[in-house]
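Visitor: turn this into a model:
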Amino acid sequence: MKKIIQTSKDDFLNVAFGLLKPSNTLLDIGCGIVPHAYVHHNVYIACEPFEEYVSILRKNMEELASAVYLDSCVIILNEDWKSMLEKYENYSVDSVYLIDVIEHLPKDEGRSLLMKTEKMAKKQIVIFTPLEYIEQKTLPGKKDAWGLNGADWQEHKSVWTPSDFNSDDWTFVVCKDYHEKNNIGEVLDKPVGAFWAIKNIKENNERNDILENIDIQKMYEQTSKESLLRKEMLINKINDIEQENQNLRKEITELSERNLEELKVLSNTINEQSKIIDSLEDSRGYKALKSYWALKEKIKKSI
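Guide: Numbers count the residues shown, from 1 in each chain. Coordinates of the predicted model:
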């Protein structure tokens, strides 16, 4: 019998996260630009088909690395789920995550995906999806909710409920009013529910590990090189800005010193000119006074 746990919105995530298992390897299919760091995994493998999302995912992983993935090996694959699972379906990871993924596939493709993940996962499969259809709206310019060009990837093509999962090995954590807004933040007419589907798988020692068939060292080195390159570019940019600031400070200092010297020269010039003007005014006053007394004496004599 299926185990269904009904929760409030406040308890929804805490209850689901409490059922998740840490593991050695996690395959996160269709993660978009947001890695799902719910519990610790020694090796995190992200499988994302849309190249624009992959480039941003790499940057987001770098920002999270110091806090969440400090001791984890991170591998990012630019592949769709079909090519990924066809290539490695005879091997396995410990856990497979499908977070907000199956609703973006037609129902038959979603079922095929679920069947294939069960061939890969050693310990656990984790799914998150809405309980009802939610229209995925676009931003101006037909951009997706992240402002990127992945609107076609965000379209919902199927609706899932716990009844779509045939096996009784699944545990469902359900919240009937989880989504209050749509993908671009608009308030919905009424809340839409969502659920977690979590399947714990019995150990099968005959299964191999996917890491035996992925050149993990090559991928790790490639990721490290790209990270180092971006870090080097950032450091060079910071150094360039710092050099520009130093040059600017130097120019300001030189300009200030030059202006101060020019002000001193100007001040001295003004003082000298003031003295000359004072001297001229004194000289003109004296001559005017002499002319006045001469004219006065002339008038007296004429009388």
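
Visitor: was I right to think Ile45 contacts Leu77?
Guide: Yes: between Ile45 and Leu77 there is a contact under CB atoms under 8 Å: 6.7 Å. Backbone N, C-alpha and C define where each C-beta goes, glycine included.

Visitor: so those two - more neighbours on which side?
Guide: The neighbour count for Ile45 versus Leu77, taken as other CB atoms under 10 Å, is higher for Ile45 (25 against 18).

Visitor: residues in contact with the helix or strand harbouring the more buried one?
Guide: When elements are assigned from DSSP states H and E, Ile45 belongs to strand 41-47. Strand 41-47 is contacted from outside by 22-31, 35, 37, 57, 61, 69, 71-77, 79-81, 84, 93-95, 210-211, 214, 216, using CB atoms under 8 Å, 6 or more residues apart in numbering.

Visitor: over to stretch 50-57?
Guide: Counting by CB under 8 Å, 6+ apart, 31-35, 46, 48, 76, 78, 146, 148-150, 153 sit against stretch 50-57.

Visitor: and those, which is closest to Gly18?
Guide: Proximity of those to Gly18 was ranked by CB to CB; the top entry is Pro35 with 20.1 Å.

Visitor: pull the strand holding Ile45 out as PDB, backbone CA atoms only.
Guide: Provided in PDB are the C-alpha atoms of strand 41-47 (Å, rounded to 0.1, in the frame of the first residue of the first chain):
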ATOM      1  CA  HIS A  41      26.600  13.700  -1.800                       C
ATOM      2  CA  ASN A  42      30.300  13.000  -2.400                       C
ATOM      3  CA  VAL A  43      29.800  13.200  -6.200                       C
ATOM      4  CA  TYR A  44      27.200  15.500  -7.700                       C
ATOM      5  CA  ILE A  45      26.400  14.900 -11.400                       C
ATOM      6  CA  ALA A  46      24.200  17.500 -13.100                       C
ATOM      7  CA  CYS A  47      22.500  16.500 -16.400                       C
END
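
Visitor: name the residues of that strand that come out as buried.
Guide: By 16 or more other CB atoms under 10 Å, the buried positions in strand 41-47 come out as 41, 43-47.

Visitor: do the same with stretch 13-29
Guide: Buried, per 16+ other CB under 10 Å, within stretch 13-29: 13, 15-16, 20, 23, 25-29.

Visitor: any idea which helix or strand carries the most centrally placed residue in the chain?
Guide: The centroid of the chain falls nearest to Asn60 when counting by CA atoms, centre = their mean (5.2 Å). For Asn60, the host element (DSSP H and E) is helix 51-65.

Visitor: got the angle for that helix vs strand 41-47?
Guide: 160 degrees (axes from the mean of the first three to the mean of the last three CA atoms, to 10 degrees).

Visitor: could you identify the helix or strand that succeeds helix 51-65?
Guide: Using DSSP H and E, the first helix or strand after helix 51-65 is strand 73-77.

Visitor: immediately after that following strand, which helix or strand?
Guide: Next element after strand 73-77 (DSSP H and E): helix 81-88.

Visitor: before we move on, the earlier item: wait, which of the buried residues of stretch 13-29 is closest to Ile4?
Guide: Using CB to CB, the buried residues of stretch 13-29 come closest to Ile4 at Val15, 11.8 Å.

Visitor: and the average pLDDT for stretch 82-89 is what?
Guide: Mean pLDDT, stretch 82-89: 78.

Visitor: residues contacting Asp152?
Guide: Counting by CB under 8 Å, 6+ apart, Asp152 has no contacts.

Visitor: an error on my part: the question was meant for Ala16.
Guide: Contacts of Ala16 (CB under 8 Å, 6+ apart): 128, 173, 196, 198.

Visitor: cutoff 6 Å now
Guide: For Ala16, the contact set (CB atoms under 6 Å, 6 or more residues apart in numbering) comprises 173, 196.

Visitor: about what we covered before: roughly how far is the helix holding Asn60 from the heart of the chain?
Guide: Taking CA atoms, centre = their mean, to the nearest Å, one finds the center of helix 51-65 at 7 Å from the center of the full chain.

Visitor: export that helix to CSV, keeping only CA atoms.
Guide: Presented in CSV, the C-alpha positions along helix 51-65 are these (Å, rounded to 0.1, in the frame of the first residue of the first chain):
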residue,chain,number,x,y,z
GLU,A,51,23.4,24.9,-23.1
GLU,A,52,22.5,28.4,-21.8
TYR,A,53,21.4,26.9,-18.5
VAL,A,54,24.6,24.8,-18.3
SER,A,55,26.8,27.9,-18.5
ILE,A,56,24.9,29.6,-15.7
LEU,A,57,24.7,26.4,-13.7
ARG,A,58,28.6,26.2,-13.7
LYS,A,59,28.7,29.7,-12.3
ASN,A,60,26.1,29.0,-9.6
MET,A,61,28.0,25.8,-8.7
GLU,A,62,31.1,27.8,-8.1
GLU,A,63,29.3,30.2,-5.8
LEU,A,64,27.9,27.3,-3.8
ALA,A,65,31.0,25.2,-3.8
